[in-house]
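Novice: A structural model of the following input is requested.
(chains A and B)
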There are 2 protein chains.
Amino acid sequence: MPATFNSVDPRTGAPGAEFAEATGADVAAAVEAAEHAFGDPALRDRDRRAALLRGAAARLRAVGDDVVEVAGAETGLPEGRLRGELERTAGQLEAFAAVLDAGDYVEAIIDLPDPDATPIPRPDVRRMLVPIGPVAVFGASNFPLAFSTAGGDTASALAAGCPVAVKGHPSHPGTGELVARQLEAAAAEAGLPKGTFAHLLAAGIEVGEALVDAPGIAAVGFTGSTAGGRAIVDRAARRPVPIPVYAEMGSVNPIVVTDAALAARADAVAQGLVASVANFGGQLCTKPGVVFVPAGAQGDAFAQAVATRLDGTEPTVLLNERLRDALTAAVARLADRPEVEPLGAAPAFAGDGFRHQPAAYQAPASTVAEGGALLEEHFGPVVVLLRYGDRDDLIDALGRIEGQLTASIHAEPDRDGELLRLLTERLAARAGRVVYDGFPTGVAVTHGMHHGGPYPATSAPAHTSVGMTAIRRFLRPVAWQNAPAAVLPPELRDENPLGIWRRVDGELTRDPVPA
Amino acid sequence: MPATFNSVDPRTGAPGAEFAEATGADVAAAVEAAEHAFGDPALRDRDRRAALLRGAAARLRAVGDDVVEVAGAETGLPEGRLRGELERTAGQLEAFAAVLDAGDYVEAIIDLPDPDATPIPRPDVRRMLVPIGPVAVFGASNFPLAFSTAGGDTASALAAGCPVAVKGHPSHPGTGELVARQLEAAAAEAGLPKGTFAHLLAAGIEVGEALVDAPGIAAVGFTGSTAGGRAIVDRAARRPVPIPVYAEMGSVNPIVVTDAALAARADAVAQGLVASVANFGGQLCTKPGVVFVPAGAQGDAFAQAVATRLDGTEPTVLLNERLRDALTAAVARLADRPEVEPLGAAPAFAGDGFRHQPAAYQAPASTVAEGGALLEEHFGPVVVLLRYGDRDDLIDALGRIEGQLTASIHAEPDRDGELLRLLTERLAARAGRVVYDGFPTGVAVTHGMHHGGPYPATSAPAHTSVGMTAIRRFLRPVAWQNAPAAVLPPELRDENPLGIWRRVDGELTRDPVPA
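Specialist: Predicted structure coming up:
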């Protein structure tokens, strides 16, 4: 008898459907099938991979009503959000198909031979990126679609040509299974081997550990907590053959608000901030956790406006009991600190399900310590306003912030010119994305989006998990030296049959190599 | 009194000049200065960095006679090789300066806003690569110039805008000091801060450990043994803030020779192989350590020809006593194995200095085990011929080979068509570079050269330590969302003042963003 676990409706706490826990044998079979698929020429066919991605998108849309219903009951997220996330997920799959159509993601480089080069003659060298191998993906709890079974890690790894084994998140197992069936069907329809995609469900940690340890796995994608991500990073580093782990982890996504911005539009900033903190239970990787607000009357009024708006927000459903308990405990620790002051009523929620009242706290920015409690991520609808005195006070505190996914600035370019440049410099040094006059939640999936940042925001600051360059994580270069044309991939042949952009003797061009 | 150590002339074993061992305080001062330099706007100026690289190249050429003399006495490498390596080193510095001139290494991407995008409006997103922070570089013993103080790691990190602290190799301390003085002078002449470059000499491991541990260090470049590289990788992974280590480590660089190639040109292959194995003491990262040779009379004759040529080669000077002792012990273990047979006389060298007689051994390819003794790297002029029966025997054995920097194929495309395609596929899956009808030593520095590969060839299979894309190791992306033009780096401004290639709404272009 395999072990089982049940989904839970966080709106009520009631158990839902039962799911079988994947076994060690399931992991071994999935990895073996993935290795087999990786060796199959079908997976090297860009058109088939594009067909898989587009087919999966179409299938997800076709079962959208079911997905939204199941995901709603497993996550407590509202229908509008889930419909948007489904469209985002489908659009992301299609965007990677378009990357395959364009084809230049392989970064083809051709250096023609030069027998007169010094100190040694130069051979013909042609280089492009090839898939790294089977990839293990850990789905996130907070985006049951866009960062889970068919999310960005899966989409970019499949686009790259890597088979994917997903460790489905136990907080939305039914959603994961439903999505996995669409991916499996789309893979079959695209003529891709069975091992192209696998979905392994488990409530315990053993399945994930076995995936990270499997010699056949070449890279890992993860979205989740810093503790969980670091455990996987450390485990992968201890393998006989270490592998890259692309873990997107914790972030408090600091926001700086200047006096000039408050004078110009305090209400709009407060309104936007409250939405960014409280929407979807504040359970977003980019939720602003700390906001630097000026000391003084204008800042006081702003802080009070934020608190009043949060107090007026309904207690929001959190994703699961564990996250709710962790948040409750962390907020209690925060509120107990002598330098911290609650800004609103923030009553504890006592009814059905796993809910938390959105709330704001404040503390002097001067009490911020590097890696300290004030900069701890609170995964839920909670924000800490850090009140700063003068510019030096602000800049000093920013210097104690660790690596972040995002940092945002509300300023008035005309009045804050020099300060804005200074803030840009200091925040770009710590964050992967700097947002102006806006909020970091709602990460657009575009070519240039960067969803990454220095540790602990991620384990791999050179890479992103959102946007088209996410594909680069699952690729490695290979160079062919003096190769006969017949063995070269089409991307590197003289005639450029795919018409892709290539760097030929240092210059970007779509032209064939001259005969 | 600081500790000291002496250089040693490996041609005689005689001690040379005395050098002071860097202290923990030296490391701390170097890292602090590097952090300071990283915050200095001067280092963000591409033109100054290009001037540093070109200035260092010119200065290295100007002191070339001195460098060659000192390096010759410290490494035993012949003058012609050192002059070539000096030119390669200078050319590499200049090639990275040209990368800065072209400017598109920052991979600029601009996504224009789209208020009608679904599921959420698309903001203005502009992304480019920025330097990752101060870099620690571990110089290699075997390339006192091209992979050491001013070698590829240093050149690419400085080009990226990262200050560099080099742990100089104790096997060529005088060379390192001489080269370091040129870099320091070139940095000052380019108007760059003092912390841009530091050279720390040490014979012990403490200085290297302190560098890897220093919180101010953001990445590490290393070239050396698998054991040394893995120790640094593991150490960096244990930091509170783990950092990327780009370690280029061990490789046996397999070569496959087909029957058809032997029939067509056995002599030429034997001659090229012997040079590739024995030149410069066989102490090259890409030295072929194993060669798959057909069983049978033709293969026997080839094997004998290789052995005879190696026996006729003078005992070559090795870089230092430690490497000589390690090689002697490893070859003794190899020769003791029951499946291994010596092919020539291979007498032990008994005279002055640290020398080894070039030698070949052979064993059946069927006895090759994954990670086994036959695939151990022998850092010196030693090669193992692995004799294969039929094609399946060959393919089976290739399946047991670990990650490699290179793999080479000597075949006849007309006669070996299908086999050549199969070998290409199998070897490209394991190696960073596949060489046809040639030898892997002599790595050309070009845009597309890839000097990397799956573990244990490197710790970071997605990256290269040679070629222009080596700069990517020391960069990380930052995205600016809805940023006022005044705070954007020039690379991302509408008007494209630098005229670089950028991806605008998915299309590569050098045009300004339309108003």
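Novice: in space, what's closest to the residue in the stretch 51-200 of chain A that chain B sits nearest to - neighbours in sequence excluded?
Specialist: Among all residues of the stretch 51-200 of chain A, residue A:109 sits closest to chain B, at 3.2 Å; criterion: CB to the nearest CB. All C-beta spots, glycine's among them, are computed from the backbone N, C-alpha and C. Leaving aside its chain neighbours, residue A:109 sits nearest to residue B:448 (3.2 Å; criterion: CB to CB, 6 or more residues apart in numbering or on different chains).
Novice: so the residue in chain A sticking out farthest from the centre is in which element?
Specialist: No residue in chain A has its C-alpha farther from the mean C-alpha position than residue A:116, which lies at 48.4 Å (CA atoms, centre = their mean). Here residue A:116 sits in a region with no helix or strand, counting by DSSP states H and E.
Novice: what does the one 10 residues further on give?
Specialist: Secondary structure here is read from DSSP H and E; on that basis residue A:126 sits in strand A:125-131.
Novice: note down every partner strand of that strand and its orientation.
Specialist: Paired neighbours of strand A:125-131 in the sheet (DSSP bridges): strand A:109-111 (antiparallel), strand A:475-481 (antiparallel).
Novice: mind putting the ones you listed in a markdown table, mean neighbour count and mean pLDDT included?
Specialist: Converted to a markdown table, those look like this (neighbours: other CB atoms under 10 Å in any protein chain shown; pLDDT from 0 to 100):
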| stretch | mean neighbour count | mean pLDDT |
| --- | --- | --- |
| strand A:109-111 | 26 | 98 |
| strand A:475-481 | 26 | 98 |
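Novice: who touches the residue of the stretch 51-200 of chain A closest to chain B in this structure?
Specialist: Applying CB atoms under 8 Å, 6 or more residues apart in numbering or on different chains, we find residue A:109 in contact with A:125-128, A:502-504, B:447-448, B:469.
Novice: among those, which two are most distant?
Specialist: Put simply, by CB to CB the two of these set farthest apart are A:504 and B:469, 14.7 Å from each other.
Novice: coming back round to it: and the residue nearest to residue A:109, helix, strand or coil?
Specialist: coil (DSSP: H, G, I helix; E, B strand; the rest coil).
Novice: what's the distance between it and residue A:484?
Specialist: 17 Å (CB to CB, to the nearest Å).
Novice: and those two? Which one has more around it.
Specialist: The neighbour comparison of residue B:448 against residue A:484 (other CB atoms under 10 Å in any protein chain shown) goes to residue B:448, with 29 against 18.
Novice: in this structure that one contacts residue A:122, no?
Specialist: No: using CB atoms under 8 Å as the test, residue B:448 is too far from residue A:122 to be in contact (10.8 Å).
Novice: what sits in contact with each of these two?
Specialist: Shared contacts of residue B:448 and residue A:122, counting by CB under 8 Å, 6+ apart, come down to residue A:111.
Novice: now pLDDT too, for the contacts of residue A:109, in CSV please.
Specialist: CSV is the format used below for those (pLDDT from 0 to 100):
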residue, pLDDT
A:125, 97
A:126, 98
A:127, 98
A:128, 98
A:502, 98
A:503, 98
A:504, 97
B:447, 95
B:448, 94
B:469, 97
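Novice: quick check, nearest of those to residue A:461?
Specialist: Distances from residue A:461 to the contacts of residue A:109, taken by CB to CB, are shortest for residue B:469, at 17.7 Å.
Novice: residues contacting the nearest residue to residue A:214 once chain neighbours are set aside?
Specialist: In space, residue A:214 comes closest to residue A:31 once its chain neighbours are excluded; the distance is 4.4 Å by CB to CB, 6+ apart. Going by CB under 8 Å, 6+ apart, residue A:31 touches A:134, A:165, A:211, A:214, A:216-217.
Novice: just confirm residue A:31 is within a helix.
Specialist: Yes: judged by three-state DSSP, residue A:31 forms part of a helix.
Novice: how much space between the closest residue to chain B within the stretch 151-300 of chain A and residue B:503?
Specialist: Proximity of the stretch 151-300 of chain A to chain B (CB to the nearest CB) peaks at residue A:237, 4.0 Å away. Using CB to CB, one obtains 33 Å as the distance from residue A:237 to residue B:503.
Novice: same question, residue A:49
Specialist: Between residue A:49 and residue B:503 the distance is 21 Å, computed by CB to CB.
Novice: between the two, who's got more neighbours?
Specialist: Neighbour comparison, residue A:49 and residue B:503: the larger count goes to residue A:49, with 25 against 21 (by other CB under 10 Å).
Novice: surely the more buried one is in contact with residue A:156?
Specialist: No: counting by CB under 8 Å, residue A:49 stays clear of residue A:156, with 11.3 Å between them.
Novice: residue A:48 contacts residue A:190, correct?
Specialist: Yes: assessed by CB under 8 Å, residue A:48 is found in contact with residue A:190 at 4.8 Å.
Novice: what mean pLDDT does the longest helix along chain A have?
Specialist: What stands out as the longest helix in chain A, according to DSSP state H, is helix A:79-102. Helix A:79-102 carries an average pLDDT of 97.
Novice: what residues of it count as buried?
Specialist: A:81-82, A:84-97, A:99-100 (16 or more other CB atoms under 10 Å in any protein chain shown).
Novice: ok, and which of those reach chain B?
Specialist: A:84-85, A:87-88, A:91 (CB under 8 Å from any CB of the partner chain).
Novice: ok, now which ones touch residue A:368?
Specialist: For residue A:368, the contact set (CB under 8 Å, 6+ apart) comprises A:374-375, A:386, A:397, A:400-401.
Novice: now it: how far from residue A:184?
Specialist: Per CB to CB, residue A:368 is found 48 Å from residue A:184.
Novice: residue A:11 should be in a helix, yeah?
Specialist: No: read with three-state DSSP, residue A:11 is coil and lies in no helix.
Novice: which residues does it contact?
Specialist: Taking CB under 8 Å, 6+ apart, we find residue A:11 in contact with A:73, A:76, A:317, A:352-353.
Novice: could you do residue A:68 as well?
Specialist: Taking CB under 8 Å, 6+ apart as the contact definition, residue A:68 lies against A:79, A:82-83, A:86.
Novice: can you redo these as TSV with distance to residue B:12?
Specialist: Formatted as TSV, the contacts of residue A:68 follow (distance: CB to CB, whole Å):
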residue	distance to residue B:12
A:79	82
A:82	77
A:83	79
A:86	75
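Novice: nearest residue to residue A:481 in space, please, no chain neighbours.
Specialist: residue B:435 (4.4 Å).
Novice: most neighbours, which of the contacts of residue A:368?
Specialist: Neighbour-wise, these (other CB under 10 Å) top out at residue A:386, 25 neighbours.
Novice: quick check: that residue touching residue A:294?
Specialist: No: the pair residue A:386 and residue A:294 fails to qualify as a contact (CB under 8 Å) at a distance of 10.4 Å.
Novice: which residues of the stretch 301-450 of chain A lie near chain B?
Specialist: Residues of the stretch 301-450 of chain A lying near chain B (CB under 8 Å from any CB): A:402-403, A:413, A:417, A:420-421, A:424, A:428, A:431-438, A:442, A:444, A:446-450.
Novice: no further questions, thank you.
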